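Q: Build me a model:
(chains A and B)
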Amino acid sequence: KAGVTQTPRYLIKTRGQQVTLSCSPISGHRSVSWYQQTPGQGLQFLFEYFSETQRNKGNFPGRFSGRQFSNSRSEMNVSTLELGDSALYLCASDPGARTEAFFGQGTRLTVV
Amino acid sequence: AQTVTQSQPEMSVQEAETVTLSCTYDTSESDYYLFWYKQPPSRQMILVIRQEAYKQQNATENRFSVNFQKAAKSFSLKISDSQLGDAAMYFCAYRSPGNSGAGSYQLTFGKGTKLSVIP
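A: Presented below is the predicted three-dimensional model:
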């Protein structure tokens, strides 16, 4: 069974640009969550999508957005990039209640 | 809101020895899940062990076991017979149970403990 796939693995962007990250969950998993990991703030929840609907959102500005497609693949978008957006972005795929989340290898975003 | 605290930013252990990583959490819920995830330098978050709050028995997975104290809201991870491959960041995480189609599977993480294994 294929794991959670995140693309791209590495990304370098300039301040003010926008970026789109992609996550393909494990087949059959309907929930996809996104987390931002930085040395200072640790792992912070961005948002969760379930069956194409956002059902929970973390405390991030509106520049961070996401969506989920009918095949459960998810994208997150960050507009007007700031230096502080440099981080590892992790996607987690979840098969349902009373189970654990499975993580992708992350996308390392560097904003210069 | 739930919070998770890992009070040991770094720890080290001799190969083949035992080490215990601490985690405390705060919640008003009675039903929840607790996890320990391992993140090696490859950055892949790997589940080490999980514990359901309604189960009194402590979870065990090979060399990994937990000491779950629900009243004290404590969830420590014990690694026995430490191996070089155990060196990684370890994160304690909390999750409400959620229900399929409702609720949320959001994880709340601690800041992590960096474990070094000394040969």
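
Q: Give me the below-cutoff pLDDT ranges for the chain.
A: Here I'm looking at chain A. Under the criterion of pLDDT under 70, the regions of chain A flagged as low confidence span A:1, A:97-98.

Q: that's the wrong chain, I meant chain B
A: B:98-103.

Q: Strands along that one, start to end?
A: Per DSSP state E, chain B has strands spanning B:3-5, B:10-14, B:19-21, B:24-26, B:33-39, B:46-52, B:60-61, B:64-69, B:74-79, B:88-95, B:107-109, B:113-118. These are given in chain order.

Q: Report the beta-bridge partners for the residue positioned nearest the centre of chain A.
A: What sits nearest the mean C-alpha location of chain A, by CA atoms, centre = their mean, is A:W34, with 3.4 Å. Beta bridges link A:W34 to A:F47, A:C91, judged by DSSP bridges.

Q: wait, what's in contact with B:E17?
A: Neighbour list for B:E17: B:81-82 [criterion: CB atoms under 8 Å, 6 or more residues apart in numbering or on different chains]. Bear in mind the C-beta positions are built from the backbone N, C-alpha and C, glycine included.

Q: Who are the contact partners of the nearest residue to A:D85 once chain neighbours are set aside?
A: Computed as CB to CB, 6 or more residues apart in numbering or on different chains, the closest residue to A:D85 that is not its neighbour in sequence is A:V111, at 5.2 Å. Applying CB under 8 Å, 6+ apart to A:V111 gives the contacts A:12-15, A:81-86.

Q: Correct me if wrong: the residue nearest to the centre of chain A contacts A:C91.
A: Yes: counting by CB atoms under 8 Å, A:W34 sits close enough to A:C91 to count as a contact (5.7 Å).

Q: intersection of neighbour lists for these two?
A: Taking CB under 8 Å, 6+ apart as the contact criterion, the residues that touch both A:W34 and A:C91 are A:23, A:74.

Q: Near the closest residue to B:P40 other than its chain neighbours, how many other residues are there?
A: Here the nearest residue to B:P40 in space, its sequence neighbours aside, is B:A88; by CB to CB, 6+ apart that works out to 4.3 Å. Using other CB atoms under 10 Å in any protein chain shown, the number of residues around B:A88 comes to 22.

Q: and if you look at B:Y25?
A: With neighbours defined by other CB under 10 Å, the count for B:Y25 comes to 19.

Q: Could you do A:T20 as well?
A: Under the neighbour criterion other CB under 10 Å, A:T20 is assigned a count of 15.

Q: Give me the phi and psi angles of it.
A: Backbone dihedrals for A:T20, given as degrees, to the nearest 10, come out at phi -120, psi 130.

Q: in the sheet, who's paired with it?
A: The bridge-partner assignment for A:T20, based on DSSP bridges, gives A:N77.
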